[in-house]
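> for reference, the sequence and a predicted model appear below.
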Amino acid sequence: MLLIREAVLDDVDVLCELYTKHLTATPPEEAPDKAAWTALLGMLIADGDYHLLVGEADGRVVSSVTLIVIRNLTHNLRPYALIENVVTHADYRHKGYASALMGRAGEIAQNAGCYKIMLMTGSKQESTLQFYERCGFSRHEKTAFLKRL
């Protein structure tokens, strides 16, 4: 069974592991700066528009999704949301955990009055694209552009 909750400061170590070892194909070689991670995590937790969701299974955090609610001057001042950093520990994939977190993120966005949720993925794997489609996202409505800085 999966327990979904907002992240807390005590999650910093497992989030470091999830993000640096399971989110990217090329993990960083240097160790994460735990003090910097803890300070930033504290700020993000305090931000009411930033939702760092975690999923616990077997007594440990195994999956995470970030949802950010962004205030907006269009659509009758309704906000929109952005999803980033969808990640599940490699040993816990294909169990529906990320789908459950995506569903909870959608509920948060809806309760915040958002008119849409956006996400981008760097993955070209058809299975990943189909996962997002099963979560209710369309790859055909908008064109995304990215400028690296």
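That came through fine.

> in this protein, where's the longest strand?
strand 60-70 (DSSP state E).

> for that one, which strands pair with it and how are they oriented?
strand 50-57 (antiparallel), strand 80-88 (antiparallel) (DSSP bridges).

> check which element follows the top helix by length along the chain along the chain.
The residue-count maximum for a helix in the chain (DSSP state H) belongs to helix 97-111. For helix 97-111, the following helix or strand on the C-terminal side (DSSP states H and E) is strand 117-119.

> who are the packing partners of that following strand?
On a contact count with 3 or more Cβ pairs under 8 Å, 6 or more residues apart in numbering; DSSP states H and E, strand 117-119 meets strand 80-88, helix 97-111. (C-beta placed from N, C-alpha, C; glycine too.)

> out of those, which one sits most buried?
strand 80-88 (a mean of 20; mean count of other Cβ atoms under 10 Å).

> what angle sits between that strand and helix 97-111?
Calculated by axes from the mean of the first three to the mean of the last three Cα atoms, to 10 degrees, strand 80-88 forms an angle of 160 degrees with helix 97-111.

> quick one: mean pLDDT over strand 80-88.
For strand 80-88, mean pLDDT is 96.

> how near is residue 68 to residue 60?
In this view, residue 68 and residue 60 are 25 Å apart by Cβ to Cβ, to the nearest Å.

> I'd guessed residue 133 sits against residue 140; true?
No - with contact defined as Cβ atoms under 8 Å, residue 133 does not count as touching residue 140 (9.6 Å).

> for the lowest-mean-pLDDT helix or strand in the chain, name the packing helices and strands.
Ranked by mean pLDDT, DSSP states H and E, the weakest helix or strand in the chain is helix 12-17, scoring a mean of 93. Under the contact criterion of 3+ Cβ pairs under 8 Å, 6+ apart, helix 12-17 touches helix 34-46, strand 60-70.

> buried residues, it. List them.
Buried residues in helix 12-17, counted by 16 or more other Cβ atoms under 10 Å: 12, 14, 15, 16.

> next up, the contacts around the second one.
Right, residue 14. Residues counted as contacts of residue 14 (Cβ atoms under 8 Å, 6 or more residues apart in numbering) are 60, 61.

> any idea how far it is from residue 123?
Going from residue 14 to residue 123 by Cβ to Cβ gives 23 Å.

> ok, now the first one?
Relative to residue 123, residue 12 is positioned 26 Å away (criterion: Cβ to Cβ).
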